[in-house]
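Undergrad: missing the sequence, but the structure's below:
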């Protein structure tokens with residue numbers, strides 16, 4: 001009897017020990033499992049964070065400061081000459097331009113040069129018009145391949161000098177086409193595919209030089225430039241007499257929307273209104289060539305202007321060493337180079353004698 005009792009007690013103790021060991025194992029392995037699970041969860045979260053970064057694998061555009069694919073950002077841009085007489089609108093493809101230059105030509109009309117970074121898929125661009133010598137200077141500031149159809153006789157020598165790469169009627173009319181919706185010379189167009197083919201056929205350098213650092217300095221997209229001491233700039237009238245263009249600021253998206261000839265400036269390829277983040281107005285001296293109608297502009301030396309962004313405008317100065325090469329530096333009142341908000345920029349040349357025609361207003365109408 002005593003013997004059986006001892007056996008029973010021994011068995012009970014053994015069961016208790018086994019139970020304790022089992023509980024300890026469950027606790028230890030369970031904790032380890034939870035630890036591994038937490039590590040896996042952390043790893044998954046970190047991986048998701050990386051894959052959700054919209055700028056992963058991208059680089060900043062030299063034209064807009066926005067992130068884009070390296071293959072696009074490293075490619076030389078194309079600068080295309082746009083006709084801007086009323087018989088030549090609506091424009092095609094200009095909405096895709098990252099930088100626009102506007103300047104007067106003969107008879108106080110203006111022409112626009114769009115500088116394009118990602119242009120190859122644009123099906124229709126124009127109407128394309130002839131070159132004026134100072135537009136060569138603008139294109140060179142961006143290491144751009146300059147496209148136009150026709151040219152002023154005063155630009156011909158420079159176009160043939162080898163100092164600028166061009167796609168034009170001089171290099172082959174096959175890169176352009178005519179349409180039947182308007183009369184010549186306002187019906188000349190090209191396309192992104194044609195321009196791509198021209199760059200290849202003419203064996204132009206396709207990418208920026210390795211040491212090319214760009215032109216403008218841009219703020220980060222999430223840290224917008226706000227000209228604290230600037231003048232309110234909800235409407236900007238450029239003072240050009242024929243097309244009477246102006247921009248109106250939209251507070252919601254921080255963009256300046258463009259109007260001309262009394263209407264919204266629309267691109268017929270997407271029916272959208274042209275707009276930009278930045279406006280630079282550059283006051284320049286202009287002289288006439290011996291024909292007493294063709295303009296040239298003094299783009300070297302220094303002068304005054306305005307920088308307009310995010311609903312404000314500030315006075316600036318500009319300086320440039322060479323007339324046809326190099327880059328124009330735009331400086332604030334402290335002599336520091338201005339920093340731009342990311343996005344498109346519109347650069348307007350206004351003759352000094354018409355500087356008072358430029359109106360920058362708090363009111364939009």
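TA: Thanks, I have it. Computed from a predicted model, the values in this text were never measured in an experiment. Numbering: from 1, shown residues only.
Undergrad: Quick one: the strands in the stretch 1-150 of the chain, in order.
TA: When assigned using DSSP state E, counting those that start in this stretch, the strands of the stretch 1-150 of the chain occupy the ranges 59-60, 67-68, 78-82, 99-104, 110-116, 125-126, 145-147.
Undergrad: Mind listing residues that contact the helix or strand that the last one is followed by?
TA: Proceeding C-terminally, strand 145-147 gives way to helix 156-159 as the next helix or strand, assigned by DSSP states H and E. Identification of contacts with helix 156-159 by CB atoms under 8 Å, 6 or more residues apart in numbering yields 131, 133, 136, 151, 164, 166, 168, 170, 324. C-beta here means a position set from N, CA and C on the backbone, and glycine is covered the same way.
Undergrad: In its sheet, which strands sit next to the very next helix or strand once past helix 156-159, and in what direction?
TA: Once helix 156-159 ends, the next helix or strand along the chain (criterion: DSSP H and E) is strand 166-167. The strands beside strand 166-167 in its sheet (DSSP bridges) come out as strand 145-147 (parallel).
Undergrad: Go through the partner strand and flag the buried ones.
TA: By neighbour count on 16 or more other CB atoms under 10 Å, the buried set for strand 145-147 is 145-147.
Undergrad: List the residues that contact the closest residue to residue 182 other than its chain neighbours.
TA: Using CB to CB, 6 or more residues apart in numbering and skipping the chain neighbours, the partner closest in space to residue 182 is residue 87 (6.5 Å). Going by CB under 8 Å, 6+ apart, residue 87 touches 182-183, 186.
Undergrad: May I ask which of the contacts of helix 156-159 has the most neighbours?
TA: For the contacts of helix 156-159, the largest neighbour count, defined by other CB atoms under 10 Å, is 28 neighbours, found at residue 131.
Undergrad: Straight-line length of stretch 106-115, end to end?
TA: 22 Å (CA to CA, to the nearest Å).
Undergrad: Name the residues of it that are buried.
TA: 109-115.
Undergrad: Looking at those residues, which is nearest residue 204?
TA: In terms of CB to CB, no member of the buried residues of stretch 106-115 lies closer to residue 204 than residue 115, at 15.5 Å.
Undergrad: show me the contacts for the closest one.
TA: Counted by CB under 8 Å, 6+ apart, residue 115 has contacts 63, 77-79, 97-101, 139, 142, 144.
Undergrad: same deal with residue 297?
TA: Taking CB under 8 Å, 6+ apart, one finds 103, 134, 284-287, 349 in contact with residue 297.
Undergrad: Just the buried ones among these, please.
TA: Going by neighbour count (16+ other CB under 10 Å), those have 103, 134, 284, 286, 349 buried.
Undergrad: Now do the helices in the chain.
TA: 2-51, 70-73, 133-140, 156-159, 192-201 (DSSP state H).
Undergrad: follow-up on the earlier one: for residue 244, which of the strands of the stretch 1-150 of the chain is the nearest?
TA: Across the strands of the stretch 1-150 of the chain, residue 244 has its closest neighbour in strand 110-116 (10.3 Å, CB to CB).
Undergrad: Any idea what residue 248 is bridged to?
TA: What pairs with residue 248, by the bridge criterion (DSSP bridges), is residue 235, residue 257.
Undergrad: and it, how far is that from residue 322?
TA: 36 Å (CB to CB, to the nearest Å).
Undergrad: Looking at these two, which has the bigger crowd around it?
TA: More crowded of residue 248 and residue 322, by other CB under 10 Å: residue 248, with 18 against 11.
Undergrad: Where do the strands of the stretch 151-300 of the chain begin and end?
TA: Counting by DSSP E, counting those that start in this stretch, the strands of the stretch 151-300 of the chain are 166-167, 177-178, 188-190, 217-218, 231-232, 235-237, 246-250, 255-260, 263-264, 266-267, 272-273, 275-276, 278-288, 295-298.
Undergrad: And those: which comes nearest residue 119?
TA: Nearest of these to residue 119, taken as CB to CB: strand 188-190 at 9.9 Å.
Undergrad: what is the mean pLDDT for that closest one?
TA: For strand 188-190, the mean per-residue pLDDT is 98.
Undergrad: cool, and stretch 281-292?
TA: Computed over stretch 281-292, the average pLDDT equals 95.
Undergrad: Just give me how far that stretch sits from the chain centre.
TA: Distance of stretch 281-292 from its chain centroid, counting by CA atoms, centre = their mean, to the nearest Å, is 28 Å.
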